[in-house]
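> okay, here's the prediction I keep looking at, along with the sequence it came from:
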Number of protein chains: 4
Amino acid sequence: MKNKKDIQSLTDERNVLIDKVGVKGVRYPITVQDKEFGTQPTIADLDIYVQLPHDHRGTHMSRFLEVLNEYHKDSIVENLENFLKEVKSRLHAEASFVNVRFPYFLKKKAPVSGIESLLDYNCFFEASFAESYDLVIGVVVPVTSLCPCSKEISEHGAHNQRSHITIRARFNEFVWLEDLIAMAEETASCEIYPLLKRVDEKFVTEKAYSRPRFVEDIVREMAVRLRADDRITGFRVESENYESIHNHSAYAFVEENF
Amino acid sequence: MKNKKDIQSLTDERNVLIDKVGVKGVRYPITVQDKEFGTQPTIADLDIYVQLPHDHRGTHMSRFLEVLNEYHKDSIVENLENFLKEVKSRLHAEASFVNVRFPYFLKKKAPVSGIESLLDYNCFFEASFAESYDLVIGVVVPVTSLCPCSKEISEHGAHNQRSHITIRARFNEFVWLEDLIAMAEETASCEIYPLLKRVDEKFVTEKAYSRPRFVEDIVREMAVRLRADDRITGFRVESENYESIHNHSAYAFVEENF
Amino acid sequence: MKNKKDIQSLTDERNVLIDKVGVKGVRYPITVQDKEFGTQPTIADLDIYVQLPHDHRGTHMSRFLEVLNEYHKDSIVENLENFLKEVKSRLHAEASFVNVRFPYFLKKKAPVSGIESLLDYNCFFEASFAESYDLVIGVVVPVTSLCPCSKEISEHGAHNQRSHITIRARFNEFVWLEDLIAMAEETASCEIYPLLKRVDEKFVTEKAYSRPRFVEDIVREMAVRLRADDRITGFRVESENYESIHNHSAYAFVEENF
Amino acid sequence: MKNKKDIQSLTDERNVLIDKVGVKGVRYPITVQDKEFGTQPTIADLDIYVQLPHDHRGTHMSRFLEVLNEYHKDSIVENLENFLKEVKSRLHAEASFVNVRFPYFLKKKAPVSGIESLLDYNCFFEASFAESYDLVIGVVVPVTSLCPCSKEISEHGAHNQRSHITIRARFNEFVWLEDLIAMAEETASCEIYPLLKRVDEKFVTEKAYSRPRFVEDIVREMAVRLRADDRITGFRVESENYESIHNHSAYAFVEENF
């Protein structure tokens, strides 16, 4: 029988610090804070990494999952800092990192009929703990955008399409995912809904037509709103418009103090 | 040193005929026939399978790639039947199958300015040879759809979006991919273009507004056109509209003599 | 102001029956039955369709979401037949269809240490109601496959990789997703786990080495197991092996009485 | 008829500089330089952006496609700097950006039989021109990785899997994509091939078993090789191992002078 060395604990002489090493694409049920209902169960896709000093050969991959198992029943947003401290400590690392991507549902009321339905948003947290805790929260908000140029030059109608507004934000006071989602929906030509009756469809069609927005307008209005929110210390905003008249997207990106 | 059996050639006693076995997701440069320019180089994603009789343990996976290597320089459409016969023969099989998926480019002329650009279409062939040759050709055509209901009930504007019309067709006389693409583009509210100047954008906006189509209308008009083409013996048509006012798609599907 | 017709209710003279029309890609939180814990909350991706007679112009897309809203709090597996009847009735259709795709988690015990973790499986239901109820249940089970040929011809080692075994089954007596998952895990070279300690990693490595399986073996052994289960009346089985020595997959497919 | 303003040329008073605005996901046939054959035709997925000053309302999206049309027949690698200068000038911008992602094929000789086949690599260029030209070249190289720990602790065999090594590099002297691909293939447990005969399969199985590599080893050996190449001035290296014993990946990332 072979002699079984703990190979991961050997020293390494190649003198290469590894910025991030760990597990990627772990699916896991989690609980997140919900502004209206307290908490919401959802399913996350997680990456968990540590920084590895140049003189350690390997990390112990199973420990990432062990720490995750200990935290999965609690609301992960409230505990992300402790989770990262625990990962950092258990892996004897200088820094730890976690990305948490998950769908999040909000109840939407149709604008005229008031009929309710649930809309899904892709949300995420990107957090790290080196000397201190750093947290970025993010949302991808599906909206309608309607082209100002198309409206201006055409006798009737204007091309419009689904767009994704992606926001990443750092803050100095708690910000709800719901707050970022609301900002994006106010910025777009119109917000979208899973369930619309005829009176609602008339409303959203006319609202979008009355609020044309270029992809540039969307990221700029988002920037103005995010700047105006005292809780937010820095941000990145992207908008991708899946153009209905092309087979490619229009795209814009703004970053401030991020 | 171990005795090396040719395990794939062993007999199998589980009495299970395998409908399809082979390689999936092989990327390969190919040449396809181009109505305007003779041939067009492109890059395919291929699946190649055979039927495996119940008494053979395994197939020789390397032979699929060997046959592919012998054919890759020729126009694969013209040679698909020979390719399948060769696979069937080389693998000692009762039936052989190939799926070929590839992007295909057509030169589009903007409707008013006449400015040219290249639009990509996802196309595919699904072919088999058991006792005789069977070929299905397919195209996925990106178009604009504009909602008749939204237009009817709204004072101004109408929601519209990118849609994908997917056609699968069998035929008794040669049909160009270009022919199926043209049918789909004539059916939609408007065709799409990579490059549009202001005069063109006005044209496509107004054209889409003047030709509203439900997802049901799209598949029905496609069915009427496909029935009317004497070369086509059977078909499947799908349309998926990536609704600009929802976060889901509207979808319809029709199949006749397929 | 324009006169607002209910366009969807107009008659249609193109004489094309639409096999399926409805909504596709609706994300929704659902509850499914869990063999160990009673129920499990998860997040589904749904398609809901009806057949549309040739003389109706359009369907009322909002009704699909309305029916969904009424069912979302109950365990959807137990109520899928009623859900389909309700869709069929509310849309005045001859047939209704639903696809439900969702991740499902099972607690796995590492084979030696007994340490527990949660593994995700992509599961699905494909159901319809025309004259009677038809239900197909499905699972995609990630496993390890190890190549018998590579083992046989090599002095040391054998190439192995992650594989996906996909099962679709019809049955005449209730079958748990857990039952299909267990069959697939027993068939593979080795089952997989999110969390393995060193003793477990030794176990799974040696177990996979001792149970080499071609992609053909996997689908055949699945077929033998599925035939032997009296509850199961028909099935489709696929295995896709993401070969560690190639950039493509090995694939096999068997269908019986499906 | 409405008065048609050129809305994109209006001034903007929101005082937000847009870092990047343009078109995303444009598919286009291109030609790239090939070390062995001079040039290789392939199909790219392109993003083309400019920086937009705070006082301009919008950019003219059609101009991106116009410039692309003028360049598509030439080898895009050789002309990327001129392409970016032209985009910058035509859009009156302070900076221009382009991402070009494309599959690239190399002829591989099986290690023992010498039989030839074509392997696909996802490659990319990320380039910009603000005050000067900046180019990052990149490759994603599929390889085999075999786990040192699994080998060490097990009586027989060792788990192995397909891994993707992604390299991004800046350089002061021309570097071929082929050079980066060769570095990654030398670093892995074994390189992969589309077509292997039995003698080759024995060779790659035994080679991988004799060269176990953790994900940490892969990125470190890559870092050592990249540092040793005088042409390369900075780099990022990632490795993602699609673990055959888990349903998630092992991942590592190193960045130096990038």
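Now that the structure is in, tell me what you want to look at.

> show me where chain A has strands.
Here chain A has its strands, by DSSP state E, at A:18-34, A:38-52, A:96-109, A:116-129, A:133-146, A:160-171, A:190-191, A:232-241, A:249-256.

> how about those strands in a markdown table, adding mean pLDDT, mean neighbour count and distance to chain C?
All C-beta spots, glycine's among them, are computed from the backbone N, C-alpha and C. Putting these into a markdown table (pLDDT from 0 to 100; neighbours: other C-beta atoms under 10 Å in any protein chain shown; distance: least, C-beta to the nearest C-beta, whole Å) gives the following:
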| stretch | mean pLDDT | mean neighbour count | distance to chain C |
| --- | --- | --- | --- |
| strand A:18-34 | 95 | 21 | 4 |
| strand A:38-52 | 95 | 21 | 5 |
| strand A:96-109 | 97 | 19 | 6 |
| strand A:116-129 | 97 | 20 | 4 |
| strand A:133-146 | 98 | 22 | 11 |
| strand A:160-171 | 98 | 23 | 12 |
| strand A:190-191 | 98 | 24 | 16 |
| strand A:232-241 | 98 | 23 | 18 |
| strand A:249-256 | 97 | 22 | 18 |
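
> OK, contacts around residue A:226?
A:167, A:169, A:183, A:232, A:235, A:237, A:256 (C-beta atoms under 8 Å, 6 or more residues apart in numbering or on different chains).

> so what pairs up with the second one in the strands?
Beta bridges link residue A:169 to residue A:137, residue A:235 when assigned by DSSP bridges.

> returning to what we had before: which two among the contacts of residue A:226 are spaced furthest apart?
The span of these, defined through C-beta to C-beta, is set by A:183 and A:256 at 14.4 Å.

> got the contact list for residue A:71?
A:79, A:82-83, A:86.

> for these, pick the one with the most neighbours.
Among these, the one with the most neighbours (other C-beta atoms under 10 Å in any protein chain shown) is residue A:83, at 22 neighbours.

> spatially nearest residue to that residue (excluding sequence neighbours)?
Counting by C-beta to C-beta, 6 or more residues apart in numbering or on different chains, residue A:83 lies nearest to residue A:71, which is 5.2 Å off, once chain neighbours are set aside.

> look up the pLDDT of the one you found for me, please.
Looking at residue A:71, its pLDDT stands at 79.

> and for residue A:10?
70.

> tell me the domain ranges of chain A?
Following automatic domain parsing, chain A resolves into domains at A:1-99, A:110-258.

> my read: residue A:23 touches residue D:242, true?
No: taking contacts as C-beta atoms under 8 Å, residue A:23 lies outside contact range of residue D:242: 12.0 Å.

> what touches both of these two?
Common neighbours of residue A:23 and residue D:242, using C-beta under 8 Å, 6+ apart, are residue D:249.

> helices of the stretch 151-258 of chain A, residue ranges please.
A:177-187, A:198-210, A:215-228 (DSSP state H, counting those that start in this stretch).

> tell me which of these lies nearest to residue C:216.
helix A:177-187 (48.1 Å).

> pull the closest one out as CSV, backbone CA atoms only.
In CSV, the C-alpha atoms belonging to helix A:177-187 read as follows (Å, rounded to 0.1, in the frame of the first residue of the first chain):
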residue,chain,number,x,y,z
LEU,A,177,-32.4,44.7,-3.5
GLU,A,178,-35.9,46.1,-3.8
ASP,A,179,-34.5,49.7,-3.7
LEU,A,180,-32.1,49.1,-6.6
ILE,A,181,-34.8,47.3,-8.6
ALA,A,182,-37.2,50.2,-8.1
MET,A,183,-34.5,52.7,-9.4
ALA,A,184,-34.1,50.6,-12.6
GLU,A,185,-37.8,50.3,-13.2
GLU,A,186,-38.3,54.0,-12.7
THR,A,187,-35.5,54.7,-15.2
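
> starting at the chain centroid, how far to that helix?
Mean-position distance between helix A:177-187 and its chain equals 12 Å (C-alpha atoms, centre = their mean, to the nearest Å).

> what is the neighbour count of the spatially closest residue to residue A:210 that is not a sequence neighbour?
Setting aside the residues directly before and after it, residue A:210 is nearest to residue B:156 in space (C-beta to C-beta, 6+ apart), at 7.7 Å. Residue B:156 has 14 neighbouring residues, counting by other C-beta under 10 Å.

> surely residue B:156 meets residue A:209?
Yes: counting by C-beta under 8 Å, residue B:156 does reach residue A:209; the two are 4.7 Å apart.

> export the domains of chain A to TSV and tack on distance to residue D:48?
Listed next are the domains of chain A as TSV, based on distance: least, C-beta to C-beta, whole Å:
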stretch	distance to residue D:48
domain A:1-99	28
domain A:110-258	10
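
> relative to residue D:247, which of these is closest?
Closest to residue D:247 of these is domain A:1-99 (C-beta to C-beta; 7.4 Å).

> residue A:112: what's it in contact with?
Going by C-beta under 8 Å, 6+ apart, residue A:112 touches A:197, A:199-200, A:202-203.

> what's the closest of those to residue A:13?
For those, the closest approach to residue A:13 (C-beta to C-beta) belongs to residue A:200, at 66.8 Å.

> give me every residue that touches residue A:75.
A:31-33, A:39.

> ditto for residue A:14
Per C-beta under 8 Å, 6+ apart, neighbours of residue A:14: A:54, D:220-221, D:223-224.

> do the same with residue A:56
Here residue A:56 is in contact with A:9, A:11-12, A:92 (C-beta under 8 Å, 6+ apart).

> what's the answer for residue A:217, then?
Residue A:217 sits next to A:148, D:57-58 when contact means C-beta under 8 Å, 6+ apart.

> same question, residue A:188
Counted by C-beta under 8 Å, 6+ apart, residue A:188 has contacts A:141, A:143-145, A:163, A:165, A:211, A:213, A:218.

> right, and the pair among these with maximum separation?
In the contacts of residue A:188, two members sit farther apart than any others by C-beta to C-beta. They are A:141 and A:211, at 15.5 Å.

> beta-bridge partners for the spatially closest residue to residue A:41 that is not a sequence neighbour, please?
Closest residue to residue A:41 apart from its sequence neighbours, by C-beta to C-beta, 6+ apart: residue C:41 at 4.9 Å. Beta-bridge partners for residue C:41, by DSSP bridges, are residue C:31.
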